[in-house]
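[1] have a look at this prediction, sequence included:
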Amino acid sequence: MTLVTGGSGFLGRHLVAALLARGTRVRVLDPTIAGLPPEVQAVRGTVTDPASVARALDGVDVVHHLAGLPDLWLPDGSRFDQVNRVGTEIVLEQAARRGMTRVVHCSTEGVLIPWPRRRGGTIDERADARFEDMAGPYCRSKFLAEKAALDAARGGLPVVVVNPTALIGPGDRNGTPPSGMIRMLAAGAMPFHLACRLNLVDARDVALGHILAAEKGSVGERYILGGENIAMADLIRAVASLTGHPGRSLAIPRWLALATGHASEWLADHVTRKAPQAPLTGVRLALAGGDFDSGKARRELGFNPRPLAETLTDTLKDMALSTA
């Protein structure tokens, strides 16, 4: 039996589908269980509740821990730590009590980006980012969650860590930040952009990467699951060519991007209480980010993500259908 925490989320649903296609018996732990395939054993609950986690782990031998808050801003920032760090620690503790054959922890590219001291170059698993380098509360919580996972591996729990880059693809009904960016580009609603580079990966490929990590990954290692590296200006042109929008967007300087991030987040914190258009964490990640190297996952796991053009086409088609 395989447990997927957060199995009702964007990546979770793709992972559940991929596991079922392989004939795997799947259980999901999630606060929202509506719409899951009928053959899935659904446990309604959260990773912050030890009793729910214990119930979900009964009879399980493989865990894919995806549950977490992917937002870059929340009205109550303490929830990042409570769900992403504490929830992970509860899952790891309960899994260690039962003896799993493999635990795959889903981390993020953000923990590999040292803000603001990064100065170019390609990012791989050897990145030396520290807690004080994290770009914001989301990244800090994920950094501590990954540290807990790697500490558990050193303590004997067979944990493998994966670090997906920016997830896009069909089926994102929760509106994660990368999908929101693609939606804005498709609508021609991004008049300004950062002159940055980013790495986009298909959620369907990351789901398969999770399975490969469980099957072939080395305990205590991390694997970047990334797709193609692309300049923001090229991404804007690629989306414009697929949608027919002109794709006019002006690159803004670093100082203005940071000022906009600070201002929009202040307004969100103190006035609107709604997600800012330019969350400061996102601005910092974009400014300090860059190209990612998934060579380790390709060599050791057989990870083979599809071309970005295919993912963009499928993503935009799905967005059009979901709003029709």
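    Ah, there it is.

[2] and the strands in this protein, which stretches?
    2-5, 26-30, 41-44, 62-65, 102-106, 159-164, 166-168, 192-194, 197-202, 222-225, 228-231, 250-252 (DSSP state E).

[3] which other helices and strands contact the third one?
    Read it as strand 41-44. Identification of packing neighbours for strand 41-44 by 3 or more CB pairs under 8 Å, 6 or more residues apart in numbering; DSSP states H and E yields strand 26-30, helix 50-57. C-betas here are computed from N, CA, C, even on glycine.

[4] now the first one and helix 50-57, what's the angle there?
    Meaning strand 26-30. 170 degrees (axes from the mean of the first three to the mean of the last three CA atoms, to 10 degrees).

[5] just send the helices and strands packed on strand 41-44 back as TSV, with mean pLDDT, distance to residue 308 and mean neighbour count too.
    Formatted as TSV, the helices and strands packed on strand 41-44 follow (pLDDT from 0 to 100; distance: least, CB to CB, whole Å; neighbours: other CB atoms under 10 Å):
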stretch	mean pLDDT	distance to residue 308	mean neighbour count
strand 26-30	99	29	26
helix 50-57	98	35	18
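
[6] can you tell which of those is closest to residue 135?
    strand 26-30 (27.1 Å; CB to CB).

[7] parallel or antiparallel, list what pairs with that closest one.
    Here strand 26-30 has these sheet partners by DSSP bridges: strand 2-5 (parallel), strand 41-44 (parallel).

[8] need the helices for the stretch 101-250 of the chain, in chain order.
    According to DSSP state H, counting those that start in this stretch, the stretch 101-250 of the chain carries its helices in the segments 137-154, 177-186, 203-216, 232-243.

[9] tell me which of these lies nearest to residue 297.
    Residue 297 lies closest, by CB to CB, to one member of the helices of the stretch 101-250 of the chain: helix 203-216, at 6.3 Å.

[10] model confidence over that closest one, on average?
    For helix 203-216, the mean pLDDT works out to 99.

[11] for it, buried residues please.
    Residues of helix 203-216 classed as buried: 203, 204, 205, 206, 207, 208, 209, 210, 211, 212, 213, 214 (neighbour count, 16 or more other CB atoms under 10 Å).

[12] got a list of what the nearest residue in space to residue 36 that is not next to it in sequence touches?
    With sequence-adjacent residues excluded and distances taken as CB to CB, 6 or more residues apart in numbering, residue 36 is closest to residue 42, at 5.4 Å. Contacts for residue 42 (CB atoms under 8 Å, 6 or more residues apart in numbering) come out as 27, 28, 30, 33, 36.

[13] try 6 Å this time
    Taking CB atoms under 6 Å, 6 or more residues apart in numbering, we find residue 42 in contact with 28, 33, 36.

[14] tell me the one of the buried residues of helix 203-216 nearest residue 222?
    Closest approach to residue 222 among the buried residues of helix 203-216 (CB to CB): residue 213, at 9.6 Å.

[15] distance of that closest one relative to residue 66?
    Residue 213 sits 12 Å away from residue 66, going by CB to CB, to the nearest Å.

[16] roughly how far apart are the residue nearest to residue 36 and residue 12?
    12 Å.

[17] what's the pLDDT at the residue nearest to residue 205 when sequence neighbours are not counted?
    Nearest-residue entry for residue 205: residue 305, 4.1 Å, with adjacent residues in sequence omitted and distances by CB to CB, 6+ apart. pLDDT for residue 305: 99.

[18] with residue 128 instead?
    For residue 128, the predicted pLDDT is 88.

[19] what of residue 169?
    On the pLDDT scale, residue 169 is placed at 98.

[20] dihedrals phi and psi, it?
    Residue 169 adopts backbone torsions of phi 130, psi 170, taken as degrees, to the nearest 10.

[21] ok, now which ones touch it?
    Taking CB under 6 Å, 6+ apart, we find residue 169 in contact with 202, 203, 204, 311, 315.

[22] quick one on the thing from earlier: pipe the strands of the chain into a markdown table and attach distance to residue 287 per row.
    Formatted as a markdown table, these follow (distance: least, CB to CB, whole Å):
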| stretch | distance to residue 287 |
| --- | --- |
| strand 2-5 | 32 |
| strand 26-30 | 34 |
| strand 41-44 | 40 |
| strand 62-65 | 29 |
| strand 102-106 | 24 |
| strand 159-164 | 19 |
| strand 166-168 | 15 |
| strand 192-194 | 7 |
| strand 197-202 | 11 |
| strand 222-225 | 20 |
| strand 228-231 | 14 |
| strand 250-252 | 11 |
